[in-house]
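Trainee: Quick one, what's the 3D model for this:
(chains A and B)
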Amino acid sequence: MIKKEELEELFHLALSNGGDFAEVFQEEKTTNAYEMLNGVVENSAKKKIQGVSIRIYQGLGSVYAYTNHFDLLQLKDMVLTLCDSLEQKEDHDHSIKWNEIRYENKHPIHCDPNQCDREEKIKLLTRANDAAFAYDPGIQKVIASMADEHQDVIISNSDGRYVKDTRVRVRMRVSAIAEDGEKTQDGTCAPGASKGMEFFEETTPESIGKEAARIAKVMLHAKECPSKVMDVVIDNGFGGVIFHEACGHALEAAAVAKHQSVFADRLGEKIANEAVTAIDDGTIPNAWGSANVDDEGNFTRRNVLIENGILKSYMIDTLNARRMHLTSTGSSRRESYRYESVSRMTNTYLAPGPYKPEELIAATPYGLYAKTMGGGSVDPSTGDFNFAVLEGYLIENGKITVPVKGATLIGNGAKTLMDIDMVADNLKRAQGMCGASSGSIPTDVGQPAIRVRNMIVGGSKDGDNHE
Amino acid sequence: MNKKQLFEKAKAEGIEELEIFESTNKKTSLDIFEQNVDHFTISDTTTWKVRGVYQGQMGKVIVEDGSDFDFIIDAIKENATAITSSDEQEIYAGDEHYPTIQKRNNTCFQASSAKKVQLMKTLERELLESDARIAQVMEASYVESCSQVSITNSKGLCLAKENQWTMLGACVLAKDKDDFKSASEVELIEDLDAFDLSDFVKRLKEKAVSKLHAVSVHSGHYPIIIDRSAMAQLLQCVFAQFHGDQAAKGISLLSCALQQSIFDEKVTLIDDPLLPQGVNCTPFDDEGVACQRKVIVDHGVLLQFFHNLKSSKKMQAETKGNGFHGSIDYTNFYMENGDQEVDELIKQMDRGIIVTDLAGLHAGWNAITTQFSIQASGFFVEHGKIAYPINLFTIAGNFLKLMKQVDGIGNDLKHYPSGIGAPSVLFPNIAISGS
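Mentor: Residues are numbered from 1 along each chain as shown, chains lettered A, B, ... in the order given. Model prediction:
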């Protein structure tokens, strides 16, 4: 790791050659991954990355260098190359007064995965594997994998900020494959948290294996989903991916600052149905997308994005804050030192509403009940989004009837936000990986069950005449 | 990294065979926004992937500090002893001959930064001026990458290669009245002076404005042309079905389909590491195996899978050098050209849909079943001609089934920076969900 005196040298160099702000991000991350197929350990791998990045701002522009050679001379060379590319060569004040930030860790862990015996981890995978097979004889293959990571970061900048954080995460993924000689269908369950091995005491491997097997089994004999426009009840947990795609990305400063989002310049305006209140909260203790500080060293926050349909805040990093004449919301994130940090989501969810989940179903004469969701994507400039339904059922006459498979829901974010007309009271969060310009990062999505009117449901069966 | 010392230490620690895969990468990228340098990034990184046979199993570790031998050796031992699979694994002694890859003369690396900045500023300006409806150039970026790879192992193998590429791309927002659409384009280049900027501008502008005022399409079944770029995305998804390890484990639905007709006879799929215009040309894979051209599907018949050393042993097949990234990957994977002009395909279809863009393939595609339902946009065709743009619909079906009947293949094969190449393909029937 780089000493403070060396950091000062780098900052001096950057600020005396045109930069008006400089930041050094140091990282060391160890990842362990294990994969089991049908109870046999196929893969076990360890990875340790360690590197440093230097970022220099000049006005609204930024220059960035990263390397995993911790050599001061090379780092200085990189700073000079970066400064060469700056258009203004002004000499800025470069006296550094260190302000080392100390805080109470909001995400303590009890059992560090790095210290946990490998055999203990394999035993957990075996338990998940066995539970999936035990669920039903139709389960023919089970792939169970587990990964843990331990990331130490030191973030320092020319304002004198010096802050450290440690992020520890664990996640298990089980995919069960059901076959009946004719058809094949898989089901997946993949929970995780910013926790140590204690996570598996609360969320047992058995529950993960069983859930994956349950989805595979139910969906094996599901019919093809009709393709048509219908009302959709999206259940809690990973259902929150709808908000993540339909709106979340378009509220990130990376898109907003340059007017590349449909929600740019709309603070204080009604952008969603009044039933909608949405929050991004990086402070939730031990949640998957949480951290004490963001990747620019600012404390994470609970940001209310939309309150009763009114746009209240964006998610903002320090560079885009300059362009927007606003301040950072502690939302800047990156996969590793190889990525320039930018505004991203942390744990994003819709607040609970007044209804019971069953009231949403009962109020829907015909539609789709999307119980388990997969991932999705969005074009933030137009708001057109999609996401996949992994486990769906038809709603007929206000009742859940047959399972249907192969559905993708598509829509336009601005319109969909207005079409969320009922929100239930059963808030739950679920874990995902979100990919964007600053890499792949852990994020929580979440919501209670919601009803969305008139969504395009993409299936492969012709629509029938229900309206 | 002092490799000799690591080999000695590993041997002393009971690691029977050892291999060091070293990769070094230097990259420069720049983005222009509103005629200013918005981002400029340089990097210099080295990564070591080390694997070793310990007590009959292969342990692997990836590190960025090449001097921490204790960490490397402990990790190899720990991972090797965790594995309970009986699959045979080996460190490769090498092939007698390796193909020669013709070295390309990429002159971009010699050009000054100022020249690159100027080129990208010109590109941004010309895109903006190309049409009043181009409201913003959201991104204009330039990337150059140079990497060196070497493989050294205890069986005496010592190989090295270098790879350079330069890519230029832009994304624009087209706007007309209340409607806006985005489009992007990337191109691999080898000479800044030879880059046809006006052609790039014209293509991207047309791609963006042609999407404006797209309407919805009625749900139903339609004949469909999947254009070459969308087809390349689908081929990338279906690759998992040809993955030797997935086949060996019985996870691929094609596991037992060797020598069987799996697709329409018009379809031929090839992986060619020596393809002259390919982006992933390479003489050897990450395990040191010589790379060879291979026909995966010949006129609809499945001839072979993609293998690394492990999967080839398991399936008693020959490995032709597809062991990459610790698993299996393609090099330059493409569908062979057909014999019809795209205009002829459109005429033949008469009434139907052309899909030009797909979104969310990571979610809407089921890798196990090849069942898909994917957000799409494109054009509606009437009376054998493109009539109007359409968007916000899905195409859905099962890809392995879809490929069983192909009505025509275009002669417009294009190789994309992903390493996948495809022509446009006409299918008789696909489920569309729209309004």
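
Trainee: C-alpha only now, for contacts and for neighbours.
Mentor: OK.

Trainee: Need the three-state assignment for A:E6.
Mentor: Following DSSP: H, G, I helix; E, B strand; the rest coil, the label given to A:E6 is helix.

Trainee: what does the model give the nearest residue to it once chain neighbours are set aside for pLDDT?
Mentor: Of all residues not flanking A:E6 in the chain, A:L72 sits nearest, at 7.2 Å (Cα to Cα, 6 or more residues apart in numbering or on different chains). pLDDT, A:L72: 95.

Trainee: Equivalent analysis for the one 10 residues further on, please.
Mentor: The per-residue pLDDT reported for A:L82 equals 95.

Trainee: returning to that earlier point: A:E8 is in contact with the residue nearest to A:E6, correct?
Mentor: No: using Cα atoms under 8 Å as the test, A:L72 is too far from A:E8 to be in contact (11.5 Å).

Trainee: More neighbours: those two, which one.
Mentor: A direct count of neighbours by other Cα atoms under 10 Å in any protein chain shown for A:L72 and A:E8 places A:E8 higher, at 20 against 15.

Trainee: What number of residues are in the vicinity of residue 330?
Mentor: I went with chain A, as the question did not name one. A:G330 has 27 nearby residues by other Cα under 10 Å.

Trainee: ah, no, chain B please
Mentor: 23.

Trainee: Then A:V153?
Mentor: Count around A:V153 with other Cα under 10 Å applied: 23.

Trainee: Ok, B:L6 next?
Mentor: Neighbours of B:L6 (other Cα under 10 Å): 20.

Trainee: what is the rounded mean pLDDT of the strand or helix carrying B:S184?
Mentor: Assigned by DSSP states H and E, B:S184 belongs to strand B:179-189. Regarding strand B:179-189, the rounded mean pLDDT is 93.

Trainee: for that strand, which positions count as buried?
Mentor: B:180-186, B:188-189 (16 or more other Cα atoms under 10 Å in any protein chain shown).

Trainee: How is chain A divided into domains?
Mentor: Domain ranges of chain A: A:4-100, A:118-151+A:165-217, A:226-462, per automatic domain parsing.

Trainee: Can you pull the phi/psi pair for residue 110?
Mentor: No chain specified, so I'll use chain A. As for A:H110, its main-chain torsions (degrees, to the nearest 10) stand at phi -110, psi -30.

Trainee: Switch to chain B, please.
Mentor: Dihedral pair for B:Q110: phi -80, psi -20, per degrees, to the nearest 10.

Trainee: One more: B:I76?
Mentor: Per degrees, to the nearest 10, the backbone of B:I76 is at phi -60, psi -50.

Trainee: Was I right to think it contacts B:K49?
Mentor: No: between B:I76 and B:K49 there is no contact under Cα under 8 Å: 10.7 Å.

Trainee: Which neighbours do the two have in common?
Mentor: The contact sets of B:I76 and B:K49 overlap at B:60-61 (Cα atoms under 8 Å, 6 or more residues apart in numbering or on different chains).

Trainee: for chain A, longest helix please?
Mentor: The longest helix of chain A (DSSP state H) is helix A:118-135.

Trainee: Chain B too?
Mentor: Chain B, longest helix under DSSP H: helix B:113-129.

Trainee: The helix or strand just after that one - what's its average pLDDT?
Mentor: Using DSSP H and E, the helix or strand that follows helix B:113-129 in sequence is strand B:134-153. Strand B:134-153 carries an average pLDDT of 96.

Trainee: So what are the sheet partners of strand B:134-153 and their directions?
Mentor: Its sheet considered, strand B:134-153 pairs with strand B:17-33 (antiparallel), strand B:158-176 (antiparallel) by DSSP bridges.

Trainee: quick one: buried residues of the shortest one?
Mentor: It stands for strand B:17-33. Residues B:17-23, B:25-33 are the ones in strand B:17-33 that count as buried (16+ other Cα under 10 Å).

Trainee: tell me, how many neighbours does whatever residue of the stretch 101-250 of chain A ends up closest to chain B end up with?
Mentor: Nearest to chain B, among the residues of the stretch 101-250 of chain A, is A:S227, at 4.8 Å (Cα to the nearest Cα). Counted with other Cα under 10 Å, the neighbours of A:S227 add up to 31.

Trainee: Surely it touches A:L409?
Mentor: No: contact criterion Cα under 8 Å: A:S227 and A:L409 do not qualify, at 9.9 Å.

Trainee: What count of nearby residues applies to residue 91?
Mentor: No chain specified, so I'll use chain A. 15.

Trainee: Can you look at chain B instead?
Mentor: Neighbourhood size, B:I91 [other Cα under 10 Å]: 19.

Trainee: any idea how far it is from B:D245?
Mentor: 18 Å (Cα to Cα, to the nearest Å).

Trainee: sorry, back to before: how about the buried residues of strand B:179-189 in TSV, adding distance to B:P223?
Mentor: TSV is the format used below for the buried residues of strand B:179-189 (distance: Cα to Cα, whole Å):
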residue	distance to B:P223
B:F180	28
B:K181	25
B:S182	26
B:A183	25
B:S184	27
B:E185	27
B:V186	29
B:L188	33
B:I189	36
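
Trainee: Surely A:G367 is in contact with A:D231?
Mentor: Yes: using Cα under 8 Å, A:G367 makes contact with A:D231 at a distance of 4.8 Å.

Trainee: So for the two, which sits in the more crowded spot?
Mentor: A:G367 (29 against 23).

Trainee: residues contacting that one?
Mentor: A:230-233, A:394-396.

Trainee: For my notes, confirm it occurs in a helix.
Mentor: No: remark: A:G367 does not belong to a helix; assigned using three-state DSSP, it is strand.

Trainee: where does chain A dip in pLDDT?
Mentor: Residues of chain A meeting the criterion pLDDT under 70: A:462-467.

Trainee: ok, back up a step: please narrow the contacts of A:G367 to those residing in strands.
Mentor: Using DSSP state E, the members of the contacts of A:G367 that fall within strands are A:230-233, A:394-396.
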